[in-house]
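Chemist: Just a sequence and a predicted model for now, questions to come.
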Amino acid sequence: MKALITGATSGIGKSIARSLSRRGWELILTGRNEEALKELQQELGNTEIIAADLAERSEVFKVYGFCREKNVDMLVNNAGYGIFGRFDETDLEDELNMINVNITALHILTKLFLRDFKKRDSGIILNVASVAGFMTGPLLSSYYASKNYVLRLSLAIYEELRRAKSNVSITVLCPGPVDTNFNNRAGVTFSAKPVSAEYVAEYAIKKALTHKLFAIPGLTIKACAIGQRFIPHKLLSAVTYNVQKAKERTDGDGR
Ligand SMILES: NC(=O)c1ccc[n+]([C@@H]2O[C@H](COP(=O)([O-])OP(=O)(O)OC[C@H]3O[C@@H](n4cnc5c(N)ncnc54)[C@H](OP(=O)(O)O)[C@@H]3O)[C@@H](O)[C@H]2O)c1
């Protein structure tokens, strides 16, 4: 069995790579950091790598082209990041790049692999959203919105596959805070204790391999995902604002 994992150079993606490798899967790993890809390739063996910046649409197609004839059984759309700050203050170019990675690259790869998987009536898609996908997120507004996209797209595809009685499956991973490089890149500090990337990866892979729609690790995060439905939008936004505000860095590193 073979999987393509985006964002495999650190955090959740790297842990997913290790989790699948332990199960005997062959891997195709991608990310921008070629050195990190080579290190992981050496560690795991049975792995191909392709460095790519998924903010560039041509690079997304390059990754697909690299994989096309390689009989990929699982697509893991994991690459992504957040940008902290008030919407009128955050940099437009940075945000458009983030949208390219979090939404456009995931959209393209999901569509192209889904078509291939449907032709042979097998294959697994694991899309990494976030518990943020269930909510609005003042101070991380476009990140939250991007994860809403990933969640809603995945839910819609799940229903289309179910109606078509397809053997192709889609799982959407919605973690809360995870101990990775995410914070540094977003310029925040977690206010809640994060769980480990290893735990989240193992949990997600178990759910994906058993064709579950949702992978929501941890009771508190499950409660958030369910509980938010019963809270009025404006109140939920006010609560989320306070949660995000508490993450703001005061050490000068953050925004
Ligand atoms: N950590 C959390 O609390 C948390 C919670 C919920 C959801 N998530 C989601 O989990 C996923 C993985 O994040 P993480 O927490 O593991 O953070 P991370 O350690 O920062 O990993 C992010 C990965 O995305 C890749 N990436 C970023 N920009 C890219 C680009 N332009 N082109 C290609 N690859 C790119 C990075 O690779 P390179 O730097 O090598 O390009 C890296 O491998 C993301 O989608 C994130 O939104 C994280």
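Modeler: Yep, it's here. What you see is a predicted model, and the numbers here were worked out from it, not measured in a lab.

Chemist: hmm, the longest helix anywhere in the chain touching the ligand?
Modeler: In the chain, ranked by residue count with DSSP state H as the criterion, the top helix is helix 141-163. No - Helix 141-163 stays clear of the ligand (C-beta under 6 Å from any ligand atom), getting no nearer than 6.6 Å. (Each C-beta comes from the backbone N, C-alpha and C, glycine too.)

Chemist: Which other helices and strands does that helix contact?
Modeler: helix 92-99, helix 106-120, strand 124-128, strand 169-173 (3 or more C-beta pairs under 8 Å, 6 or more residues apart in numbering; DSSP states H and E).

Chemist: and the last one, which strands flank it?
Modeler: Each strand that pairs with strand 169-173, with its direction, by DSSP bridges: strand 124-128 (parallel), strand 214-215 (parallel).

Chemist: Can you list the neighbours in contact with it?
Modeler: 12, 123-129, 133, 150-151, 154-155, 157-158, 161, 200, 204, 207-208, 211-217 (C-beta atoms under 8 Å, 6 or more residues apart in numbering).

Chemist: out of the helices and strands packed on helix 141-163, nearest to Trp25?
Modeler: strand 124-128 (11.0 Å; C-beta to C-beta).

Chemist: how far does the closest one sit from the chain's center?
Modeler: Offset of strand 124-128 from its chain centre (C-alpha atoms, centre = their mean, to the nearest Å): 8 Å.

Chemist: which other residues reach that strand?
Modeler: Counting by C-beta under 8 Å, 6+ apart, 7, 12-13, 16, 73-78, 80, 106, 110, 113-114, 117, 150, 153-154, 157, 168-173, 204-205, 208-209, 211, 215 sit against strand 124-128.

Chemist: filter those to the buried ones?
Modeler: Buried members of those, counted by 16 or more other C-beta atoms under 10 Å: 7, 12-13, 16, 73-78, 80, 106, 110, 113-114, 117, 150, 153-154, 157, 168-173, 204-205, 208-209, 215.

Chemist: And the strands in the stretch 151-255 of the chain, which stretches?
Modeler: 169-173, 178-179, 195-196, 214-215 (DSSP state E, counting those that start in this stretch).

Chemist: In PDB, list the C-alpha atoms belonging to the longest one.
Modeler: The C-alpha atoms that make up strand 169-173 are tabulated as PDB, following Å, rounded to 0.1, in the frame of the first residue of the first chain:
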ATOM      1  CA  SER A 169     -13.500   6.700   1.600                       C
ATOM      2  CA  ILE A 170     -12.900  10.200   3.000                       C
ATOM      3  CA  THR A 171     -11.900  11.100   6.600                       C
ATOM      4  CA  VAL A 172     -11.600  14.600   8.000                       C
ATOM      5  CA  LEU A 173      -9.200  15.100  10.900                       C
END
